[in-house]
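Peer 1: Got a predicted structure here, sequence first:
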Amino acid sequence: MKVSLAYPKIPDSTDFRPRQCIAFEKYDGTNLHWIWSVDGWKSFGTRRSRFDFTDDGIAEFCQEHHGLEEAPVLFRSSLFETLGHHLSKQQVTSVVCFTEFWGANSFAGHHKQEDIKHLTLIDVCMDGKMLPPNEFIKLFSGFPIANVVYQGKYNGQFVEDVRNGKFKVNEGVVCKGVGGGALYMAKIKTDDYLNRLKNNFPNTWSDHWE
């Protein structure tokens, strides 16, 4: 079924407020969410669709989302049991886990069938609240979470370093920080990645900025 945006759009770095940040690698893949409750895994989907985590629901997902058929199979084999067990010990009633589904040659939402795929945990929402970056790392470092590429002061030099490729990331980074008790996120993409978008999607490349 269709849902409102399951994972928020991440703005660019123009209005990022916190002075300190943790920057995670931004993976060029497909954002997927997985919903857990005290009874186990209930549903999953993309940013704008959701399906029951049953054989019928998985079949429906695969029919509607060609190119992503490996995702629920990979989740079942890699995270279903271990991550579910971990969540059952956290004294929460509902959790949404957000992952990026990607392969070595994934690009702008397109995946190569022959690539080995990964599900990388990028965020977790517990009982309606997205975890701050430090807590996310503390609770889920034993799982395949996004690589931390920087921790420290957020400033213009850091932004330029990301854009110029200093941190050796494919697409860019997502900066997270807390200010005034609120969680802020901002994305910074490398110039190299944006140039590849322009070259491959000359008429629609700006659509991929988000």
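Peer 2: Done, it's in.
Peer 1: Now do the helices in the chain.
Peer 2: With DSSP state H as the criterion, the chain has helices at 55-64, 70-78, 80-88, 133-140, 156-163, 191-200.
Peer 1: Would you mind giving the ones you listed as JSON lines with mean neighbour count, distance to residue 45 and mean pLDDT added?
Peer 2: Where you see a C-beta, it was placed from the backbone N, CA and C, and this is true even at glycine. Formatted as JSON lines, those follow (neighbours: other CB atoms under 10 Å; distance: least, CB to CB, whole Å; pLDDT from 0 to 100):
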{"stretch": "helix 55-64", "mean neighbour count": "14", "distance to residue 45": "7", "mean pLDDT": "97"}
{"stretch": "helix 70-78", "mean neighbour count": "17", "distance to residue 45": "10", "mean pLDDT": "97"}
{"stretch": "helix 80-88", "mean neighbour count": "15", "distance to residue 45": "16", "mean pLDDT": "98"}
{"stretch": "helix 133-140", "mean neighbour count": "16", "distance to residue 45": "21", "mean pLDDT": "98"}
{"stretch": "helix 156-163", "mean neighbour count": "16", "distance to residue 45": "30", "mean pLDDT": "96"}
{"stretch": "helix 191-200", "mean neighbour count": "15", "distance to residue 45": "25", "mean pLDDT": "92"}
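Peer 1: Distance of the residue lying closest to residue 189 once chain neighbours are set aside relative to residue 65?
Peer 2: Nearest non-adjacent residue to residue 189, counting by CB to CB, 6 or more residues apart in numbering: residue 172, 3.7 Å away. In this structure, residue 172 and residue 65 are 24 Å apart, going by CB to CB, to the nearest Å.
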